[in-house]
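> Predicted model follows, preceded by the sequence.
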Amino acid sequence: MTHDDELEAQIDRWRGYVHRRQVISSADVDELEDHLRGQVRDLRATGLDDDEAFLVAIKRLGNLDAVSREYAREHSDRLWKQLALVPDDSRGSPAPRWRELAVVLGLAVGAGVAVRAGIAWFGDDEVALARNVALLVVPFLAAYLGWKRRVGVRTVAAIAVPFVVLAVVLNVYPFVPEGSTEVLAIIHAPVVLWLLVGLAYVAESWRSDGRRMDFVRFTGELAIYYTLLALGGGVLLGLTAGVLQLVGVDPEPVITQWVMPFAVPGALIVAAWLVEAKQDVVENIAPVLTRIFTPLTIAMLVAVLVALVASGGLVEVDRELLILMDAILVLVLALLLYSISARDPLAPPALADWLQLVMVGAALAVDAVMLTAMLTRIAEFGTSPNKIAALGLNLLLLVHLGVSAWRSARFLRGPGTFAELERWQTRYLPVYAAWAAIIVIAFPPLFDFA
């Protein structure tokens, strides 16, 4: 590990410790981290090494409990301002809460307008709409996160350039109608776009493993809030439609042509705002969810593994079954990442960590069986874009889960640390986005756009 890596690990541990102080919000932690990094840079310039600079910088910030009390005194009216919807601005200057709410609602409506315009533009070409729908929505989410963090010009350029390249590829490539490469591009383009959202989230701190893990946590919490909004909105919409039908009004045209194009993308922006505004609430739920779903996932993986082994010849394994198994492995990976992001990094090993290791081991066994089935099918029937894409994903999952299991075992036995396990996750995730970009950009010409 280099000196820079050691320093980043120290800052990440400090950040995680400070973040658990409920009196200090995420914005305040960001501000404290900026001060800490500035102090470290100044002290390193005087000739101190990383460890010395970090320790002196921490002492200059003051005792953490004293810092917490200081923040409590300075922001004692935080709860009252939240109730009045006028909290402090993330940079310390007063800013009314209604301004952020207005930005969120404006971007949510903008996303709906973009989707509705896309529907009108592409008309009956549903495939073209599917290629572009993520391109129509993601800029509004990235714009909110970028506005929230006041990103600089470099970050905007790092997001805009690959976005434009992706948009050109998806709309200029001469895809064969209903071809495999077009379907693969539609599926994998959102993965690349989500990496761009991550750049907006971490802003100028993209080198920080802690900020990357914050984005992992944000993704999980966003999924939770979006699901809750979808369920609540679905119930409300169903009840409204039922009443209208009883009085002789057909609500289907309005719902399909206007309500859904605005509600579905708009809810994503609103969910992101809720995650940013109510982080402490979800962080209390996250450990509970991971403790519930980890043993359930282990039982599911064991049952799937037994079924795969008992099914007989691997050549006869159904293609749809392999796709479904890939989806299950991706779900396991998501649960692993969310579990790690929700865990207290300073807590000692516990039963939940052992269960997580068992889950990863079971997923590795399933992945090994699937890889064997895929290689057998390729040897029997030859290659195709779908087979190569699936094979690549499973190889990436094998490496990711394998190293995660090894680092988890080291952490549980004692020689390793949780920070090493966490750092592996954040540094490996961009590999998935790179593979998705290869599938979107390189696969179509390699396979004659078929």
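That came through, no problem.
> Mind jotting down where the helices sit in the stretch 51-200 of the chain?
Remark: helices assigned in the stretch 51-200 of the chain by DSSP state H, counting those that start in this stretch are 64-74, 78-83, 97-122, 126-149, 153-172, 180-202.
> now the ones you listed as a markdown table including mean neighbour count, mean pLDDT and distance to Glu221?
Yep, even glycine has a C-beta here, placed from its N, CA and C like the rest. Shown next, in a markdown table, are the helices of the stretch 51-200 of the chain (neighbours: other Cβ atoms under 10 Å; pLDDT from 0 to 100; distance: least, Cβ to Cβ, whole Å):
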| stretch | mean neighbour count | mean pLDDT | distance to Glu221 |
| --- | --- | --- | --- |
| helix 64-74 | 13 | 47 | 23 |
| helix 78-83 | 12 | 40 | 18 |
| helix 97-122 | 17 | 93 | 16 |
| helix 126-149 | 20 | 94 | 13 |
| helix 153-172 | 15 | 94 | 21 |
| helix 180-202 | 21 | 95 | 12 |
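> just so I know, which of the ones you listed lies nearest Gln245?
Closest of the helices of the stretch 51-200 of the chain to Gln245 is helix 97-122, at 24.0 Å (criterion: Cβ to Cβ).
> Pull the distance from that closest one to the chain's centre.
On the basis of Cα atoms, centre = their mean, to the nearest Å, helix 97-122 sits 22 Å off its chain's mean C-alpha point.
> got the angle between that helix and helix 126-149?
Angle, helix 97-122 to helix 126-149, by axes from the mean of the first three to the mean of the last three Cα atoms, to 10 degrees: 160 degrees.
> Show me what helix 97-122 packs onto, helices and strands only.
If you count contacts as 3 or more Cβ pairs under 8 Å, 6 or more residues apart in numbering; DSSP states H and E, helix 97-122 packs onto helix 126-149, helix 260-277.
> closest one to Val302 among those?
Closest of the helices and strands packed on helix 97-122 to Val302 is helix 260-277, at 33.1 Å (criterion: Cβ to Cβ).
> Quick check: next helix or strand after that closest one?
helix 279-310 (DSSP states H and E).
> Packing partners of the longest helix belonging to the chain?
Longest helix of the chain, by residue count under DSSP state H: helix 209-246. With contacts defined as 3+ Cβ pairs under 8 Å, 6+ apart, helix 209-246 has these neighbours: helix 3-19, helix 180-202, helix 260-277, helix 279-310, helix 319-342, helix 418-441.
> Mind checking the pLDDT average for that helix?
Average pLDDT, helix 209-246: 89.
> Can you list the buried residues in that helix?
For helix 209-246, burial by neighbour count (16 or more other Cβ atoms under 10 Å) applies to 209-222, 224-226, 229, 233, 241.
> That one to helix 418-441, inter-axis angle?
Using the same axes, to 10 degrees: helix 209-246 against helix 418-441 is 60 degrees.
> between the helices of the stretch 51-200 of the chain, which gets nearest to Ala299?
helix 180-202 (28.3 Å).
> before we move on, back to that, angle of the longest helix of the chain against helix 260-277?
140 degrees.
> picking up where we left off before, which among the helices of the stretch 51-200 of the chain is found nearest to Pro444?
In terms of Cβ to Cβ, the element of those nearest to Pro444 is helix 180-202, at 4.2 Å.
> which strands and helices sit next to the closest one?
For helix 180-202, the packing partners by 3+ Cβ pairs under 8 Å, 6+ apart are helix 126-149, helix 153-172, helix 209-246, helix 385-413, helix 418-441, helix 443-446.
> Which residue is the nearest non-sequential neighbour of Ala167?
Leu135 (5.3 Å; Cβ to Cβ, 6 or more residues apart in numbering).
> Would you point out which residue is most central in this protein?
Thr219 (3.4 Å; Cα atoms, centre = their mean).
> Next one: it from Glu422, what distance?
Note on Thr219: its distance to Glu422, by Cβ to Cβ, to the nearest Å, is 15 Å.
> same check, this time on Val243
50 Å.
> can you check Arg97 too?
In this view, Arg97 and Glu422 are 33 Å apart by Cβ to Cβ.
> cool, and Ala389?
The spacing between Ala389 and Glu422, counted by Cβ to Cβ, is 29 Å.
> which of these two has more neighbours?
Neighbours per residue, other Cβ atoms under 10 Å: of Ala389 and Glu422, the larger number sits with Glu422, 26 against 22.
> Pretty sure that one sits against Asp209.
Yes - shown here, Glu422 and Asp209 form a contact pair, counting by Cβ atoms under 8 Å, at 6.8 Å.
> Need the overlap of contacts for these two.
Asp12 (Cβ atoms under 8 Å, 6 or more residues apart in numbering).
> could I get the helices of the stretch 51-200 of the chain as CSV with distance to Val270?
Formatted as CSV, the helices of the stretch 51-200 of the chain follow (distance: least, Cβ to Cβ, whole Å):
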stretch, distance to Val270
helix 64-74, 28
helix 78-83, 17
helix 97-122, 6
helix 126-149, 10
helix 153-172, 21
helix 180-202, 15
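> and of those, who's closest to Thr294?
Nearest of the helices of the stretch 51-200 of the chain (Cβ to Cβ): helix 180-202, 23.9 Å.
> and that closest one with helix 126-149, angle?
Using the same axes, to 10 degrees: helix 180-202 against helix 126-149 is 10 degrees.
> Tell me how far helix 180-202 lies from the chain's centre.
For helix 180-202 - counting by Cα atoms, centre = their mean - the centre lies 11 Å from the chain centre.
> Now tabulate the helices and strands packed on helix 209-246 in TSV and tack on distance to Ala120.
Formatted as TSV, the helices and strands packed on helix 209-246 follow (distance: least, Cβ to Cβ, whole Å):
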stretch	distance to Ala120
helix 3-19	45
helix 180-202	20
helix 260-277	10
helix 279-310	36
helix 319-342	33
helix 418-441	25
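> looking at those, which has the lowest confidence?
Looking at those, the weakest mean confidence is helix 3-19, a mean of 68.
> Tell me the spatial nearest neighbour of Glu182, not counting adjacent residues.
Phe175 (3.8 Å).
> burial count for that neighbour?
Using other Cβ under 10 Å, Phe175 has 21 other residues around it.
> What does the pLDDT read for it?
94.
> What separation is there between it and Val183?
Counting by Cβ to Cβ - Phe175 and Val183 are separated by 9 Å.
> Then Leu105?
In terms of Cβ to Cβ, Leu105 sits 35 Å off from Val183.
> ok, now Ala267?
26 Å.
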